[in-house]
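# Structure for the following, please:
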Amino acid sequence: MSSAMAALLALAAFHLSLVSTALPPSPEQMVIVGRAIDILDAKGFRSEALVLRHAATFRETDNWLNAVAHKENAFAATNFPFGIVTVYRDFYSRATDDTERAAILLHEAQHIMGKDERAAYEFVWLHRAELGWTQLAYGTSPTYVTIEQQTRDYAPELFNCPSNLWSDCTETLRAGK
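Numbers count the residues shown, from 1 in each chain. Alright, predicted model coming up:
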């Protein structure tokens, strides 16, 4: 057996171990995931919707690899390069609607496409208005507040404009100083 074949078999076994050690979402949960993906598609994020529909394997519980990592305030997690997206309970319960869920999946799609945390947070934050997920509409929702803080942690350069509301360089509202 060639070393390339051995490597391919090892990757397949690793992928299978990740998929088989986590439970799939219920049909009802997959309907919710599907609605969020539909929003991404309708709002012009066709590549991300395509990746989520055809390259992602959704899971409801952590696989053995995710179980060893601490996840504070996590709505979802992606195992790159395998495209395994674990969608946690907060995705369904803390997100206020399908638009917020679309923002979460937009982040995970970035990981499937090879982007790191900083790039994924930055992409979502820069494109949130295209989703309709704005400060004005969602600024007090638990999901928006959590993701804004995480974006500040991972991409602080987006928040150094003192003349904008909350110093957010991407925000069109001006601070009342």
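# ok, now how distant is the closest residue to residue 118 other than its chain neighbours from residue 85?
Take residue 118 and drop its neighbours on the chain: the residue closest to it by C-beta to C-beta, 6 or more residues apart in numbering is residue 154, 4.6 Å away. Glycine gets a C-beta too; all of them are placed from N, C-alpha and C. Residue 154 is 19 Å from residue 85, where distance means C-beta to C-beta, to the nearest Å.
# Please export the C-alpha coordinates of the lowest-mean-pLDDT helix or strand in the chain as PDB.
Sorting the helices and strands of the chain by mean pLDDT, DSSP states H and E puts helix 64-67 at the bottom, at a mean of 72. Taking C-alpha atoms only, helix 64-67 is exported to PDB below (Å, rounded to 0.1, in the frame of the first residue of the first chain):
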ATOM      1  CA  TRP A  64     -14.300  13.200  21.200                       C
ATOM      2  CA  LEU A  65     -12.000  16.000  19.900                       C
ATOM      3  CA  ASN A  66     -14.300  18.900  20.700                       C
ATOM      4  CA  ALA A  67     -15.000  17.400  24.200                       C
END
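# List the contacts of the residue nearest to residue 118.
By C-beta atoms under 8 Å, 6 or more residues apart in numbering, residue 154 lies in contact with 117, 118, 121, 122.
# which of those residues count as buried?
Neighbour-count burial (16 or more other C-beta atoms under 10 Å) applied to the contacts of residue 154 gives 121, 122.
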